[in-house]
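*Asks:* got a predicted model here, sequence first, then my questions.
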Amino acid sequence: MSKPLIVITGASSGIGAAIAQRLSAQGHPLLLVARRVERLQALALPHCVCEQVDITDRSAFDAAIAKAEALYGPVDGLINNAGVMLLGQIEDQQPSEWQQMFDLNVVALLNGMQAVLAPMKARNSGTIINISSIAGRKTFADHAAYCGSKFAVHAITENVREEVSASNVRVITIAPGAVETELLSHTTSSSIKEGYEAWKQVMGGALAPDDVARTVAFAYEQPQGVCIREIVLAATKQA
Ligand code: NDP
C-alpha cells in the first residue's frame, strides 16, 4: 500500500461517505468512524477500517486511530467532517441541542486535531481538513448556535494552521453552502425544515455530496508544500 492513511469522521452518510469513496478510489487506506458502523461497512471499500465511534468520546477515537495505524502506518490526513445542525431560535431551543452541536462540531474537532498533530509535526508532514460551512462565515435565520459552532471551526482551523505551518503540516477549511444530505433531518421544528427546503427549491437545488468530496480531494492532493487555506463552494444560484 503506497498511499498513506486518511481518517474520515462521519463517513456513514452525506459528505463524509462521498469523501471516503473518492479518496478510496485514489488508493488511500482509510479509517472511517461514525456511530452507525453498519453504514460504514456498507460502503464496502478496500483497505478500510470501519469503527463504531462516537467521536465526542476521545479515548474511543484515539483507540480507533491506533488500530488503523497498526495496519496502515501513520495518519497522513484527518478529515474532520462529522457534524450536526440543529436549527432553532435561542428563545425556545433546547439547551441540549447547542450543547450537542458544540460538543461535536467544535470540541470533538479539537480533540481529533490534537490526536494527530504531534506525530504529523514530528514527521514534518500531514494534512488536516476541517469541514466548516458558509454558516461559518455569515449568519442565517434560525442558525445562531450552529453558526456559532461553524464560526468557531473557521477560527480554530486558521489559528492552528498558523501554529503548525513551520512544521510543514497543512490545516485547511472547506466551507460548503447547502448540500443534499441528512443534515437538516435532525432539526426538530417542522416549520424551519419546510422553510429551508423551500429556500433550496428557490435556488434550484443544493450541491451533491461528491461536489464537496472533489473539493476535499483537490486540496489534499496538492504537493505538501502547497496549502490551500480555505475553499468556499456553493450551488451557483445560492445567494
Ligand atoms: P449528515 O447528517 O449526512 O452526516 C453527518 C455525519 O456525522 C454522519 O456520518 C454521522 O454519523 C456523523 N456523526 C454525527 N454525530 C456523530 C458522533 N457523535 N460521532 C461520530 N460521528 C457522528 O450531514 P452532512 O454530510 O451534510 O454533514 C457533514 C459535514 O458537513 C458537517 O460538519 C456539516 O456541518 C457540514 N456541512 C453540511 C452542509 C449541508 O448543507 N449538508 C453545508 C455545510 C457544511 P452517525 O450518525 O452514524 O454517527
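*Replies:* Good, I have the coordinates.

*Asks:* may I see the buried residues of the helix of greatest length in the chain?
*Replies:* When the chain is parsed with DSSP state H, its longest helix is helix 144-164. Under the neighbour-count criterion of 16 or more other CB atoms under 10 Å, helix 144-164 has 144-154, 156-158, 160-161, 164 buried. For glycine as for every other residue, the C-beta is placed from the backbone atoms N, C-alpha and C.

*Asks:* with stretch 26-34 instead?
*Replies:* Buried-residue list, stretch 26-34, by 16+ other CB under 10 Å: His28, Pro29, Leu30, Leu31, Leu32, Val33, Ala34.

*Asks:* start and end of that stretch, how far apart?
*Replies:* 22 Å (CA to CA, to the nearest Å).

*Asks:* ok, is the host helix or strand of Ala18 in contact with the ligand or not?
*Replies:* Under the criterion of DSSP states H and E, Ala18 resides in helix 14-25. Yes: part of helix 14-25 sits near the ligand under the criterion CB under 6 Å from any ligand atom, namely Gly14, Ile15, Gly16.

*Asks:* can I get these in TSV with neighbour count and pLDDT?
*Replies:* What follows is these, written out as TSV (neighbours: other CB atoms under 10 Å; pLDDT from 0 to 100):
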residue	neighbour count	pLDDT
Gly14	19	98
Ile15	30	99
Gly16	30	99
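
*Asks:* whichever strand in the chain runs longest pairs with which strands?
*Replies:* In the chain, with assignment by DSSP state E, the single longest strand is strand 169-176. When pairing is defined by DSSP bridges, strand 169-176 lines up against strand 126-131 (parallel), strand 230-233 (parallel).

*Asks:* what mean pLDDT does that strand get?
*Replies:* Computed over strand 169-176, the mean pLDDT rounds to 98.

*Asks:* for the residue nearest in space to the middle of the chain, which residues are in contact?
*Replies:* Taking CA atoms, centre = their mean as the criterion, Asn81 is the residue nearest the geometric centre of the chain, at 1.3 Å. Going by CB atoms under 8 Å, 6 or more residues apart in numbering, Asn81 touches Ile8, Thr9, Gly10, Ala11, Ile15, Gly16, Ile19, Ile131.

*Asks:* of those, just say which sits nearest to Val75.
*Replies:* Val75 lies nearest to Ile8 out of these, by CB to CB, at 10.9 Å.

*Asks:* so where do the helices sit in the chain?
*Replies:* Along the chain, counting by DSSP H, helices occupy 14-25, 37-42, 58-72, 95-101, 109-123, 144-164, 190-202, 209-220.

*Asks:* give me the buried positions along the fourth one.
*Replies:* Taking 16+ other CB under 10 Å as the basis for neighbour counts, the residues of helix 95-101 that come out buried are Glu97, Trp98, Gln100, Met101.
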